[in-house]
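Visitor: I would like to see how this sequence folds:
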Amino acid sequence: MPKLSKSVVERECPTDKERFVWDTDLKGFGLKIFPTGAKTFVFQYRTPEGKSKRYSIGKLSDTLTVEQARKIALARHRDVLNGQDPQGEKRAARQSMTVDELLDAYLTSEAFLGKAASTQAIDRGRIERHVRPLLGRDFVDKLTPEAVKRAHRSISEGKTATTIKTKPRGQARVLGGKGTADKAALVLSATYKWAVEQGLAKTNPAAKVGSWKTGQRDTVLDNSEDYARLFTTLQTMEDEKRIRQAAADAVRFIALTGARRGEVLGLLWRYVDLKAGQVVLPPKAHKTGHKTGNPRVIALPAQAQAIIARQPQGEPDTYVFRPAKGEGPISLNHVWEKVRVEAQLPQALGLHGLRHSIATHLAMAGASAVELMEVMGHKQIQTTMRYIHFAEQARSTLAERAAAVALAGLEGQREKAPVVQIKGGWK
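Guide: The predicted structure is shown next:
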């Protein structure tokens, strides 16, 4: 038997039957020649149990030369010496679920379908536009925390940014960034958590990387001047036809009620009761409803009622805040960024920051944790307590600021106090 080389492989001709040519240097490394003339490299070995198996390395081509095939065969030979079964592992890899397939299963699960419709839409977008393109082809049990980190960095750097067609003559810009990357990783982690519970995965590689939560959002509208700039900017931009009334009113509604963005964008006329001055969201229409099974009641101040009353009346299942085209829901991403910049509001202030602003000012005004939970629609007391703690910190800071002038006067009085000699020393 010759040592397999480029010249030897090229010289071997097909016959009317399949045949093998084995390498003299590396035991088990061979060339399979088909009657058609096709040539494939193989590696023959025995498993630890003594069973003979044949591992297919690949077809001879410009991308798989004799020497490349030899290196692969040598690697498989080492695997066998270490007690592994290359063919068994290859078959298992072929049969295992891909991340794409896992995502498909998750999107049809009760865990996902039990979420609010607005949350489903947002999570689905993160999966389709960011997670699938980067990780979809990986095998579920082969995905590593390092791979998740690389995907997170790619999304942060905008490598998944693109423009997609959403409807006839409609387009949507898919952006990246740190916040998008964090939320995409959270969706992936939720998928794997479900998969582990269902026995579809052994571990959660996204959870091992660390917490992707962006932390407590302390950026809020500090005072009435901030709110004045916001509402003045909205009115100016609306009057100048730079934003639509529906978009401006949706932002106003969030700022006045502290409702979640998804709750406002997905608000249907059937949820509105202007006579009672409230909105009643069924369990599946708000974030915590799929866990608690309870509706969420949003009490409407007079201005919020007026905002809803001036929207074009629709059918029960149509959106209160309608998009310019299509069936909706309305989008506020680009609108908010323009408004925030023109109103000279903090760069870190997102639409959700308007909700945090309401909660923070309620806490500053002395609202109890129970009252905050009711108004904000929180499920867990821990979520509400962060506003209580923030308010306590803010009040402490205000106390220091309030005392600053008096303290300055006290220090000045000490500096100007006359020094007099008394018995036993100086004063």
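Visitor: what residues does stretch 15-31 touch?
Guide: For stretch 15-31, contacts defined as Cβ atoms under 8 Å, 6 or more residues apart in numbering pick out 1-4, 8-9, 12, 32-35, 39-45, 60, 69-70, 73-74, 77. Where C-beta positions appear, they are placed from N, C-alpha and C, glycine not excepted.
Visitor: give me that answer again for 10 Å
Guide: Stretch 15-31 has contacts (Cβ atoms under 10 Å, 6 or more residues apart in numbering) with 1-5, 8-9, 11-12, 32-36, 38-46, 52, 54-55, 57, 60, 66, 69-70, 72-74, 76-77, 80.
Visitor: Report the buried members of the residues you listed.
Guide: 4, 9, 32-33, 39-43, 45, 55, 57, 60, 66, 69-70, 72-73, 76-77, 80 (16 or more other Cβ atoms under 10 Å).
Visitor: Okay, and which of those residues map to helices?
Guide: Among the buried ones among the contacts of stretch 15-31, DSSP state H puts 9, 66, 69-70, 72-73, 76-77, 80 in helices.
Visitor: As CSV, those residues with pLDDT and distance to I127 would be great.
Guide: Converted to CSV, these look like this (pLDDT from 0 to 100; distance: Cβ to Cβ, whole Å):
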residue, pLDDT, distance to I127
V9, 93, 46
V66, 93, 43
A69, 92, 38
R70, 94, 42
I72, 91, 35
A73, 93, 39
R76, 92, 36
H77, 93, 41
V80, 92, 40
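Visitor: Could you dump these into TSV with distance to L113 added?
Guide: Listed next are those as TSV, based on distance: Cβ to Cβ, whole Å:
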residue	distance to L113
V9	55
V66	53
A69	48
R70	52
I72	44
A73	48
R76	44
H77	49
V80	47
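Visitor: In this structure, where is pLDDT below threshold?
Guide: 1, 63, 90-95, 163-175, 208-218, 287-291, 364-427 (pLDDT under 70).
Visitor: can you give me the end-to-end distance of stretch 264-271?
Guide: 11 Å (Cα to Cα, to the nearest Å).
Visitor: So for that stretch, what gets flagged as buried?
Guide: 264-268, 271.
Visitor: thinking again about what came up before, if we take the ones in helices among the buried ones among the contacts of stretch 15-31, which one ends up nearest to H130?
Guide: I72 (33.6 Å; Cβ to Cβ).
Visitor: Identify the spatial nearest neighbour of that closest one, chain neighbours not counted.
Guide: In this structure, I72 finds its nearest non-sequential neighbour in I57, 5.0 Å apart by Cβ to Cβ, 6 or more residues apart in numbering.
Visitor: Most widely separated two among the buried residues of stretch 264-271?
Guide: Going by Cβ to Cβ, the pair spanning the buried residues of stretch 264-271 furthest: L265 and Y271, at 12.5 Å.
Visitor: Tell me which residue is most central in this structure.
Guide: K183 (1.7 Å; Cα atoms, centre = their mean).
Visitor: check contacts around K53.
Guide: 43-47, 80, 85-88, 91.
Visitor: just the angle between the host helix or strand of it and helix 66-81, please?
Guide: Assigned by DSSP states H and E, K53 belongs to strand 52-59. Interaxial angle, strand 52-59 versus helix 66-81 (axes from the mean of the first three to the mean of the last three Cα atoms, to 10 degrees): 150 degrees.
Visitor: Going forward, the N-terminal residue is numbered 41.
Guide: I'll keep to 41 as the first residue from here, and by that count the last item is strand 92-99.
Visitor: Run me through the strand neighbours of strand 92-99, direction for each.
Guide: Strand 92-99 sits in its sheet next to strand 79-86 (antiparallel), going by DSSP bridges.
Visitor: other SSEs contacting the helix or strand where L226 lies?
Guide: Element membership for L226 (DSSP H and E) is helix 218-237. Counting contacts by 3 or more Cβ pairs under 10 Å, 6 or more residues apart in numbering; DSSP states H and E, helix 218-237 packs against helix 139-147, helix 150-153, helix 157-166, helix 172-175, helix 185-196, helix 245-249.
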